[in-house]
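Sequence and predicted model, in that order:
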Amino acid sequence: MSNLYSDLAEVYEAMYHTFINYLDEYETYSQILEEASKKSVLELGCGTGNLCKYFQEAGFQYQGIDFSPQMIDMAQKKNPQARFSVGDMREFQLGERVSGIFMAGRTISYLLRNPDVNATLSSVWTNLHPGGLFCFDFIDANQFMPSIASGKTIRHEARYQNTDFIRDSTWKIGLENGMDFKWDSIYYRRVGEELVKIGTDNSTIRTFTKDEIEIFLQINQFKLIKMFPRASYAFPTYVAVAEKN
Ligand SMILES: C[S@@+](CC[C@H](N)C(=O)[O-])C[C@H]1O[C@@H](n2cnc3c(N)ncnc32)[C@H](O)[C@@H]1O
């Protein structure tokens, strides 16, 4: 598992609060689910549970699953009344089926091999009611991969609760399992004029073409309802909405 979601989970929580507009993310997914009257929902890769309170306040029955015990621990502390569990999106089994499953923050990027994608879609299918919706976002390979063809270094800065965090990253084409790239990063905290190293993360991240997503959905008995671009931090992103056939 990525260090960012284990040893650096507290740093993730701090930095991503400034990178991701969680209210806007909630509005995107809740509108799709609400319009289709899907009120029992599961968030896969829920991280530290930042969307939970919005869904609960709007009357959804919300539950979350994440691979990382550290992320789930923080999610549960923040939302003591909600149901969170440690689990793998490639093989999970809910007590009861739900009417909507969503996955935000480009979490699909961690499904590196095609069998991981198929296993996840199969688990999602099994845990949805007939006609249930699956919504998720992904990094658009067509836009992103050419932009890092010769490698790219990038600095992200975030100020959270009076602390400055800095992340220096390098992105390099990987292409080991589809359209993936290597993301190596060093995290720092600013103390006076100094950057104090907090930790490192070395991840492989998978991007997808729109065609790939469409094929994966079709062969796993989902009907693609719509796919639309959504402005988001760092990566060109599309959201897909699919219905269980
Ligand atoms: C980019 S973060 C997004 C977290 C949260 N949705 C947010 O936007 O803040 C990706 C999350 O996916 C989780 N994850 C990665 N692989 C997973 C898997 N196989 N099953 C469940 N969760 C997974 C990570 O632990 C991490 O919390």
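Happy to help now that I have it.

Burial check on residue 112, number of neighbours?
Residue 112 sits with 17 neighbouring residues when counted by other C-beta atoms under 10 Å. Glycine gets a C-beta too; all of them are placed from N, C-alpha and C.

Per-residue pLDDT of the residue nearest to it when sequence neighbours are not counted, please?
In this structure, residue 112 finds its nearest non-sequential neighbour in residue 177, 4.7 Å apart by C-beta to C-beta, 6 or more residues apart in numbering. With respect to pLDDT, residue 177 has a value of 90.

Now residue 177, what are its backbone angles?
For residue 177, the backbone dihedrals (degrees, to the nearest 10) come out as phi -140, psi 80.

That one contacts residue 117, doesn't it?
No. Residue 177 is beyond contact range of residue 117, at 9.9 Å (criterion: C-beta atoms under 8 Å).

Those two - which one has more neighbours?
For residue 177 versus residue 117, the count of surrounding residues by other C-beta under 10 Å is larger for residue 117: 22 against 15.

For residue 74, see how far away the residue lying closest to the more buried one once chain neighbours are set aside is.
Of all residues not flanking residue 117 in the chain, residue 111 sits nearest, at 4.7 Å (C-beta to C-beta, 6+ apart). Separation of residue 111 from residue 74 (C-beta to C-beta, to the nearest Å): 23 Å.

which strands and helices sit next to the worst-scoring helix or strand of the chain on mean pLDDT?
Within the chain, confidence by mean pLDDT, DSSP states H and E is lowest for helix 9-19 among all helices and strands, at a mean of 92. Packing partners of helix 9-19 (3 or more C-beta pairs under 8 Å, 6 or more residues apart in numbering; DSSP states H and E): helix 69-78, strand 152-160, strand 163-173.

let's see 6 Å
Contacts defined by 3 or more C-beta pairs under 6 Å, 6 or more residues apart in numbering; DSSP states H and E place helix 9-19 against strand 152-160.

And the strand it packs on, what does it pack against?
Other elements packing on strand 152-160 under the criterion 3+ C-beta pairs under 6 Å, 6+ apart are helix 9-19, strand 163-173.

Redo these as CSV? Include distance to the ligand.
Below are the helices and strands packed on strand 152-160 laid out as CSV (distance: least, C-beta to the nearest ligand atom, whole Å):
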stretch, distance to the ligand
helix 9-19, 5
strand 163-173, 14
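
Quick one: closest of the ones you listed to residue 99.
Nearest to residue 99 among those is helix 9-19; the distance by C-beta to C-beta comes to 27.8 Å.

After that closest one, which helix or strand is next?
Later in the chain than helix 9-19, the nearest helix or strand by DSSP states H and E is helix 22-35.

what's next to the helix or strand just after that next one, contact-wise?
Next helix or strand after helix 22-35 toward the C-terminus (DSSP H and E): strand 40-44. The contact list for strand 40-44, computed with C-beta atoms under 6 Å, 6 or more residues apart in numbering, reads 60-65, 89, 98-103.

and after strand 40-44, which helix or strand comes next?
Per DSSP H and E, the first helix or strand lying C-terminal to strand 40-44 is helix 52-57.
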